[in-house]
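*Asks:* build me a structure from this.
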Amino acid sequence: MHRAFASGKSASMARPRLICLLLALLTLLLYLPVWQHGYIVYDDNLYVTENRMVQRGLSWAGAKWAFTTLHASNWHPVTWLSHMLDWELFGANAGAHHLVNVLFHATNTVLLFLLLCRMTVSLWASALVAALFAWHPLHVESVAWIAERKDVLCAFFGMLALHGYVQYSRSGDRRAYFCSLFCFALGLMAKPMLVTLPFVLLLLDYWPLKRARSFLRLAVEKWPFFLLTVVSCVITIIAQREEAMVDLERQPLSARVANAVVAYASYLAKTVWPSDLAIIYPLDRQIQPGHVALSAITLSVISLFAWRSRSSRPYLLIGWLWFLGMLVPVIGLVQVGRQAAADRYTYLPLIGVFIALALGATEAAARLRLNAAVRASLAAAILLACLGATWRQLAYWQDSRTLFAHAVAVTRENAVARLNLGVALEQAGQTNEALAQYRASLRINPERAQAHNNVANLLAASGNKQEAVTHYREALRLNKKAPLAHLNLGTTLLEMGLFDEAMQHYAAAERLAPDDPRPPYLMGKASLQQKRSAEAVAHFRDALRLAPGDFRTLTWLARVLSSDPDAKARNGVEAVPLAERANELTGASEAFVLDTLAMAYAEAGRFADAVRTAQQAIGIAAKAGANDDVAAVQQRLELYKSGQPYRE
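*Replies:* Model prediction:
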């Protein structure tokens, strides 16, 4: 008897373990192509590629920054620490960063399956829900986008919180309760999307946990969860306002409600037929009343059916309310940004829809007395369709150009997609095509400061500085807190000989971005052009303090210390290690750096080294066809040969 019982228990455990293994393995294989994907130009720069704090890896200073910053319009310290750990382990390897997202997604899939098994005791329905969650194309955005680490990380801690709560509800173990609360806090610190989790817990109390208590007592039981929700909401609103992203006056309430109704219906439609998916859907300023009415009727009919089925099919009501409730923070009632909807917002909410569909299909199959083979065939067909659609959608995420070209193709009047497509084209060296996309973005929305800035950059580079200044000024009119526009305008004005105005914009950029080394660096160069050596040295030292490894700052500071006509400004002993460090960082491949190093050696009295280094600089400049540079360094070389240092 004992052996038979043990054997039966082992067999019952083997099937869920096998399903877990298959879910994880197929999910990893499906998303394996992201190993070849790179960073994209939209938000990945904020989170990784241009984030100097993340690129320092894990440190006490980085941890302090993570818990105190509102960078990227969010307070999510756990997400920052996750990116820092990635950089610590993998450096700039984008494929590795992508695979970490995939690992979290696969883990979330397994955790969801096990959670549903614990709650519903319906093995195959739980497996179907988990498979839909893992392989639905609406979830590609959350997994294939490095900047959306916060999505998969938030879901990971959310799943752990749900597991802890189920354990508490079954055993009454307070340790499980506090474990759930702790995981909930970590989830909120990964992404505040999880603020609705306490309401999900109340739904689960009704079904499938069937906790026989009054609603009020169950709500009071969760007061620490609700307290964390309130705190997270307050911090999030502060963070969004800090970046001027939340504007309740941007659209009237009626328009925001209309957009929310249409967005709910759109998410449902794309769940059933996931076509024309895009990284960003532009906000429609004039939603058709008929579209709103049809969406409202659809939502009302589903809500009424779910409510009337609450006794016989409680999973329909719970799944539907899960979907509706978890989307509330991102449905647009408080307008954040200019998107009408986003695929990534469905990552957790769609679990409710999948639960309703899977359990409803299981019940319908039983009523129709479909045999196991037919049920398995239908489920397999649905999942294969999901796998194919996800594989196709994943291909659009291989690079920025493909991604945003697709978004432009499947949406209308998409200013943000065109702007980012322009950035991708510019990075690929296709400046004419990039300028066309920037101008198209401005035709759709003339109020985008970044588009004006990018147009100005290309105009300035092509020599059309006057028109560039016009666009820079417009960018600053639209966003006075744009340090990059100040920097670019300052540089253009400097090239036009307008020193005083240029310095004003550099100073403004430094006030707005005190941790950015570029403003003091550019102020140093501007000061040199105005023959203000002391100011130049001070600005270069400030820039070097902010970016100790910047070879340009090292070079310019060494150049002033080596060759300034003012003896009080020169210091050859200090200049040599600065120039040597710059030369080391550039692999002795930059003629300008080698020229500066030769100046430093000469100022320090090391004329033999100066001659040798100047000859290296001449060789590199000659190979590059820089004849003017060759002539200038050649003149300095003659000075070194005669035992004289160079003076600018």
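*Asks:* care to break this structure down by domain?
*Replies:* 19-398, 549-648 (automatic domain parsing).
*Asks:* closest one to P519 among those?
*Replies:* Nearest to P519 among the domains of the chain is domain 549-648 (11.8 Å), distances taken as CB to CB. Yep, even glycine has a C-beta here, placed from its N, CA and C like the rest.
*Asks:* what sits against the residue nearest to Q530 when sequence neighbours are not counted?
*Replies:* With CB to CB, 6 or more residues apart in numbering as the criterion, Q530 has its nearest non-adjacent residue at 5.4 Å, and that residue is F499. Residues counted as contacts of F499 (CB atoms under 8 Å, 6 or more residues apart in numbering) are 526, 529-530.
*Asks:* need the residues you listed in TSV (columns: pLDDT and distance to R175).
*Replies:* Listed next are the contacts of F499 as TSV, based on pLDDT from 0 to 100; distance: CB to CB, whole Å:
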residue	pLDDT	distance to R175
A526	90	62
Q529	85	67
Q530	84	68
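*Asks:* in helices, which of the residues you listed appear?
*Replies:* 526, 529 (DSSP state H).
*Asks:* so how far is the helix or strand harbouring W65 off the chain centroid?
*Replies:* According to DSSP states H and E, W65 maps onto helix 60-68. The gap between where helix 60-68 is centred and where its chain is centred comes out at 18 Å by CA atoms, centre = their mean, to the nearest Å.
*Asks:* please apply the same query to stretch 540-554.
*Replies:* Counting by CA atoms, centre = their mean, stretch 540-554 is centred 27 Å from the centre of its parent chain.
*Asks:* can you flag the buried ones in the contacts of F499?
*Replies:* In those, burial by neighbour count holds for A526, counting by 16 or more other CB atoms under 10 Å.
*Asks:* closest one of the contacts of F499 to Q634?
*Replies:* Out of these, the member with the shortest distance to Q634 (by CB to CB) is Q529, at 24.2 Å.
*Asks:* mind listing residues that contact the helix or strand that Q634 is a member of?
*Replies:* In this structure, Q634 is located in helix 627-641 according to DSSP H and E. Contacts with helix 627-641, where a contact means CB under 8 Å, 6+ apart, come from 591-592, 595, 598-599, 601-602, 607, 610-611, 614-615, 617-618, 621-622, 645-646.
*Asks:* with stretch 539-553 instead?
*Replies:* By CB under 8 Å, 6+ apart, stretch 539-553 touches 52, 515-518, 520-521, 523-524, 527, 554, 556-557, 560, 581-582, 585-586, 590, 593.
*Asks:* returning to what we had before: what's the mean pLDDT across the helix holding Q634?
*Replies:* What helix 627-641 shows for mean pLDDT is 94.
*Asks:* quick revisit: after the helix holding W65, heading C-terminal, what element do we hit next?
*Replies:* helix 77-90.
*Asks:* check which helices and strands that following helix sits against.
*Replies:* Contacting helix 77-90 under the criterion 3 or more CB pairs under 8 Å, 6 or more residues apart in numbering; DSSP states H and E are the following elements: helix 60-68, helix 94-120, helix 149-171.
*Asks:* outside of it itself, list whatever touches it.
*Replies:* Contacts for helix 77-90 (CB under 8 Å, 6+ apart): 47-48, 51, 53-59, 62-63, 65-67, 69, 96-97, 100, 149-150, 153, 157, 186, 189-191.
*Asks:* quick one: distance of that helix to the chain centre.
*Replies:* On CA atoms, centre = their mean, the centre of helix 77-90 falls 13 Å from the chain's centre.
*Asks:* next, the buried residues of it.
*Replies:* 77-84, 86-87.
*Asks:* and what of stretch 37-54?
*Replies:* Going by neighbour count (16+ other CB under 10 Å), the buried part of stretch 37-54 is 37-44, 47-49, 51, 53-54.
*Asks:* using PDB, list the CA coordinates for it.
*Replies:* What follows is stretch 37-54, C-alpha atoms only, in PDB (Å, rounded to 0.1, in the frame of the first residue of the first chain):
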ATOM      1  CA  HIS A  37      19.400  42.000 -31.500                       C
ATOM      2  CA  GLY A  38      20.900  45.300 -30.500                       C
ATOM      3  CA  TYR A  39      19.800  48.300 -28.500                       C
ATOM      4  CA  ILE A  40      17.100  50.500 -29.900                       C
ATOM      5  CA  VAL A  41      17.100  54.300 -30.000                       C
ATOM      6  CA  TYR A  42      13.900  54.700 -27.900                       C
ATOM      7  CA  ASP A  43      14.500  54.500 -24.100                       C
ATOM      8  CA  ASP A  44      17.400  52.100 -24.200                       C
ATOM      9  CA  ASN A  45      19.600  55.100 -24.100                       C
ATOM     10  CA  LEU A  46      17.900  56.300 -20.900                       C
ATOM     11  CA  TYR A  47      18.300  53.000 -19.200                       C
ATOM     12  CA  VAL A  48      21.600  51.600 -20.500                       C
ATOM     13  CA  THR A  49      23.500  53.000 -23.500                       C
ATOM     14  CA  GLU A  50      23.800  56.600 -22.300                       C
ATOM     15  CA  ASN A  51      23.300  56.100 -18.600                       C
ATOM     16  CA  ARG A  52      26.600  56.600 -16.900                       C
ATOM     17  CA  MET A  53      25.400  55.500 -13.500                       C
ATOM     18  CA  VAL A  54      24.200  52.100 -14.900                       C
END
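*Asks:* buried stuff in the host helix or strand of I302?
*Replies:* I302 is part of helix 289-308 when elements are defined by DSSP H and E. Within helix 289-308, the residues that count as buried by 16+ other CB under 10 Å are 292, 295-296, 299, 302, 306.
*Asks:* need the pLDDT of A534.
*Replies:* The model's pLDDT for A534 equals 88.
*Asks:* what sits closest to it if chain neighbours are left out?
*Replies:* Once flanking residues are discounted, A534 sits nearest to A569: 6.5 Å by CB to CB, 6+ apart.
*Asks:* CSV for the contacts of F499, including distance to L637?
*Replies:* Shown next, in CSV, are the contacts of F499 (distance: CB to CB, whole Å):
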residue, distance to L637
A526, 29
Q529, 25
Q530, 29
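*Asks:* between the contacts of F499, which sits nearest V143?
*Replies:* A526 (45.7 Å).
*Asks:* surely that closest one touches G497?
*Replies:* No - counting by CB atoms under 8 Å, A526 stays clear of G497, with 11.0 Å between them.
*Asks:* phi first, then psi, for Y281.
*Replies:* phi -110, psi 120 (degrees, to the nearest 10).
*Asks:* coming back round to it: could the helices and strands packed on helix 77-90 go into a markdown table alongside mean neighbour count?
*Replies:* Below are those laid out as a markdown table (neighbours: other CB atoms under 10 Å):
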| stretch | mean neighbour count |
| --- | --- |
| helix 60-68 | 14 |
| helix 94-120 | 21 |
| helix 149-171 | 23 |
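*Asks:* out of those helices, nearest to L403?
*Replies:* Of those, nearest to L403 by CB to CB is helix 94-120, at 13.6 Å.
*Asks:* turn the domains of the chain into CSV, columns for distance to A436.
*Replies:* Shown next, in CSV, are the domains of the chain (distance: least, CB to CB, whole Å):
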stretch, distance to A436
domain 19-398, 17
domain 549-648, 31
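*Asks:* hmm, back to that, what does the helix holding W65 contact?
*Replies:* Residues contacting helix 60-68 (CB under 8 Å, 6+ apart): 53-54, 56, 77, 80-81, 84.
*Asks:* going by distance to L394, which of those wins?
*Replies:* Nearest to L394 among these, with distances taken as CB to CB, is V54, at 24.9 Å.
*Asks:* of the contacts of helix 60-68, closest to N454?
*Replies:* Scanning the contacts of helix 60-68 for proximity to N454, where the rule is CB to CB, the winner is V54, at 24.1 Å.
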